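Trainee: What would the 3D arrangement of this be:
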Amino acid sequence: MSHSAKDEKIFEFFKSVLKSHVDEGGKVRFDKLQGILTSLGRKIPEERIHKIRKKFDTKENGVIDYKDPEFLMTIASINVVDVKAIEDAVYSTAFRIFDKDCDGLISLPEMRTVLTLFLPVKIQQERELVETIIYGMDTQKDGEIRFSEFVTGVKEADTFNLSLYKEEFILAAVLIAGFFLYQIL
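Mentor: Below is the predicted model of the structure:
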């Protein structure tokens, strides 16, 4: 099965995060999985952890094959539930992987992919909100997002922020004013 370039970057991200949790023997243990998921802003019940372990720990040795694409896709499919729980090292890892030319910048199209790793599904489903978040991150208005803008944007994305909709409010006010003027004249 071939994977898209986007999938490869997502696999690389999750491999890097999991690899940062290896023990002295170079293994990632299943008993660390809940903590790893929490560092990614993901939480699942213990029974789901057991199902994942049953599926991927076929040797029953308690070790994760953190390079297994199916395991990585399983982890990627778990919904983000707590953006504030995402560790700073996780942001750094994602930015490093998606910064194609290592210039400290990620393009707006690439940021759409990165945000799928960090935003809860309820936010991802609102396409206009995602676009507003992305364009809000681009404080320089140059089509590139810097690391600090990225982290701030993701952390603020989980809270409703009226300032994100400033342009929409201005447009609505102009439309309402125009309507009233039309009615009066």
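Trainee: Render the CA-only coordinates of the longest helix anywhere in the chain in PDB, please.
Mentor: Using DSSP state H, we find that the single longest helix of the chain is helix 166-184. Taking Å, rounded to 0.1, in the frame of the first residue of the first chain, the C-alpha atoms of helix 166-184 are listed here in PDB:
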ATOM      1  CA  LYS A 166     -13.000  40.800  13.200                       C
ATOM      2  CA  GLU A 167     -13.300  41.000   9.400                       C
ATOM      3  CA  GLU A 168     -16.600  39.100   9.500                       C
ATOM      4  CA  PHE A 169     -18.000  41.500  12.100                       C
ATOM      5  CA  ILE A 170     -17.000  44.500  10.100                       C
ATOM      6  CA  LEU A 171     -18.600  43.100   7.000                       C
ATOM      7  CA  ALA A 172     -21.800  42.300   8.900                       C
ATOM      8  CA  ALA A 173     -21.900  45.800  10.400                       C
ATOM      9  CA  VAL A 174     -21.500  47.400   6.900                       C
ATOM     10  CA  LEU A 175     -24.200  45.200   5.500                       C
ATOM     11  CA  ILE A 176     -26.600  46.000   8.400                       C
ATOM     12  CA  ALA A 177     -25.800  49.800   8.100                       C
ATOM     13  CA  GLY A 178     -26.400  49.600   4.300                       C
ATOM     14  CA  PHE A 179     -29.700  47.800   4.900                       C
ATOM     15  CA  PHE A 180     -30.800  50.500   7.300                       C
ATOM     16  CA  LEU A 181     -29.800  53.300   5.000                       C
ATOM     17  CA  TYR A 182     -31.600  51.600   2.100                       C
ATOM     18  CA  GLN A 183     -34.800  51.400   4.300                       C
ATOM     19  CA  ILE A 184     -34.600  55.100   5.400                       C
END
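Trainee: got the buried residues for that helix?
Mentor: Of all the residues in helix 166-184, not one is buried under the rule 16 or more other Cβ atoms under 10 Å. C-beta: built from backbone N, CA, C; applies to glycine.
Trainee: what mean pLDDT would you report for it?
Mentor: Helix 166-184 comes out with an average pLDDT of 80.
Trainee: I'd like to know which elements that helix is packed against.
Mentor: Here helix 166-184 touches no other helix or strand, going by 3 or more Cβ pairs under 8 Å, 6 or more residues apart in numbering; DSSP states H and E.
Trainee: Report pLDDT for Ala89.
Mentor: 93.
Trainee: Tell me how many other residues surround it.
Mentor: 12 (other Cβ atoms under 10 Å).
Trainee: My read is that it contacts Lys19, right?
Mentor: No. Using Cβ atoms under 8 Å as the test, Ala89 is too far from Lys19 to be in contact (11.9 Å).
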